[in-house]
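K.L.:
what follows is a predicted protein model with its sequence.
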Amino acid sequence: MKDNEYQPPKVWTENNENGGVWSKINRPTAGARHEATLPRGKHPLQLYSMGTPNGQKVTILLEELLALGEKGAEYDAHLINISDGDQFSSGFVAVNPNSKIPALMDHSTPKPVRVFESGAILLYLADKFGHLLPKSHPQRTEALNWLFWLQGAAPYLGGGFGHFYHYAPVKIEYAIDRFTMEAKRQLDLLNQQLENQAYIAGDEYTIADIAIWPWYGNLVLGLQYDAGEFLDVKSYTHLRRWTENIAQRPAVQRGSIVNRTWGDAHEQLPERHDATDFDRLTKG
């Protein structure tokens, strides 16, 4: 055994000194850490989120539904700053006991419905409004195959590759190599899937595309982890074509900046309460 080789203790204890940039938000216990009431806007749909890839999934879908003329999809998007621990308030935990963004409250029903986990929110809204999920059972199943693939794959990409390559305070060759191998396998899988079809689940744009694009599209565009060159994303030509086509959709452009607090000023909309909120960005 090398002198500096880490050996796990018999019983693990918390050590936030090794946690890196996100260490303050991680704890080994669940539940609320402070009392706070969530704000509520004027629309039935109340979203509590941040403009991370998981948050973008929901705001892109809501903007797509509005573009399709679904007025009931109007929503208030309240910023939950995860670096400040907003997700551990008593109000947020009541909506999502797992303390992760995004979380949605639907007040349009006799008894308000809470929906947490981004994939569950996409499925809930697609079913509620009857859009962006195929009606035929085989095609619906294929779209859901890829939605659930994303829900399992993205934590490996973000929590694994993204953490060790971009955020970890110490660069560990073994961890980076292991997670890079899987990240590139996922990119190759998507590239092959898109070789002979326009969208992830076939020839129809669905919630599968909306779920996958914020993670893998942003990676291909160089907006995620600053890892495009490292992963050689330009070599995935079919994935790149899909990424760029979806990036041109107006609803995607709007939804991807909601609850965002970083980057260029015209690409930030920390809170969204009305469609006219976007006008301030173009005029300002």
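P.N.:
Yep, it's here. Residues are numbered from 1 along each chain as shown.
K.L.:
tell me the contacts of residue 123?
P.N.:
Neighbouring residues of residue 123 by CB atoms under 8 Å, 6 or more residues apart in numbering: 133, 144, 147, 207. From N, CA and C alone the C-beta is placed, and that goes for glycine too.
K.L.:
need those in CSV (columns: neighbour count and distance to residue 188).
P.N.:
Below are those laid out as CSV (neighbours: other CB atoms under 10 Å; distance: CB to CB, whole Å):
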residue, neighbour count, distance to residue 188
133, 21, 26
144, 19, 22
147, 26, 20
207, 29, 23
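K.L.:
can you show me the strands along the stretch 1-150 of the chain?
P.N.:
Assigned by DSSP state E, counting those that start in this stretch, the stretch 1-150 of the chain shows strands spanning 45-49, 75-79, 103-106, 113-116.
K.L.:
who does the last one touch, helix- and strand-wise?
P.N.:
Identification of packing neighbours for strand 113-116 by 3 or more CB pairs under 8 Å, 6 or more residues apart in numbering; DSSP states H and E yields helix 90-95, strand 103-106, helix 118-129.
K.L.:
tell me which of the ones you listed is the most buried.
P.N.:
Among those, ranked by average contacts under mean count of other CB atoms under 10 Å, first place goes to strand 103-106 (a mean of 23).
K.L.:
can you list the residues that contact it?
P.N.:
44-49, 58, 80, 92, 95-96, 112-116, 121, 124, 128.
K.L.:
buried subset of these?
P.N.:
By neighbour count, with 16 or more other CB atoms under 10 Å, these hold 44-49, 58, 80, 92, 95-96, 115-116, 121, 124, 128 as buried.
K.L.:
please name the nearest non-neighbouring residue to the spatially most central residue of the chain.
P.N.:
In the chain, the centroid-proximal residue (CA atoms, centre = their mean) is residue 54; its distance is 1.2 Å. Spatial nearest neighbour of residue 54, excluding adjacent residues (CB to CB, 6 or more residues apart in numbering): residue 118 at 4.5 Å.
K.L.:
isn't that neighbour up against residue 60?
P.N.:
No. Look at residue 118 against residue 60 with CB atoms under 8 Å: they stay out of range, at 10.8 Å.
K.L.:
quick one: pLDDT of residue 94?
P.N.:
pLDDT for residue 94: 98.
K.L.:
list the residues that contact it.
P.N.:
Applying CB under 8 Å, 6+ apart, we find residue 94 in contact with 38, 114.
K.L.:
re the thing from before, and the strands of the stretch 1-150 of the chain: which comes nearest residue 171?
P.N.:
With CB to CB, the closest approach to residue 171 among those belongs to strand 45-49: 30.7 Å.
K.L.:
so what are the sheet partners of the closest one and their directions?
P.N.:
Here strand 45-49 has these sheet partners by DSSP bridges: strand 75-79 (parallel), strand 103-106 (antiparallel).
K.L.:
adding mean pLDDT and distance to residue 233, write these out as a markdown table.
P.N.:
Formatted as a markdown table, the strands paired with strand 45-49 follow (pLDDT from 0 to 100; distance: least, CB to CB, whole Å):
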| stretch | mean pLDDT | distance to residue 233 |
| --- | --- | --- |
| strand 75-79 | 98 | 29 |
| strand 103-106 | 98 | 31 |
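K.L.:
save these as TSV, and put in distance to residue 223 too.
P.N.:
Compiled in TSV, the strands paired with strand 45-49 are given as follows (distance: least, CB to CB, whole Å):
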stretch	distance to residue 223
strand 75-79	19
strand 103-106	24
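K.L.:
how about the ones you listed, which one is nearest residue 214?
P.N.:
With CB to CB, the closest approach to residue 214 among these belongs to strand 75-79: 14.8 Å.
K.L.:
sweet, I'm off.
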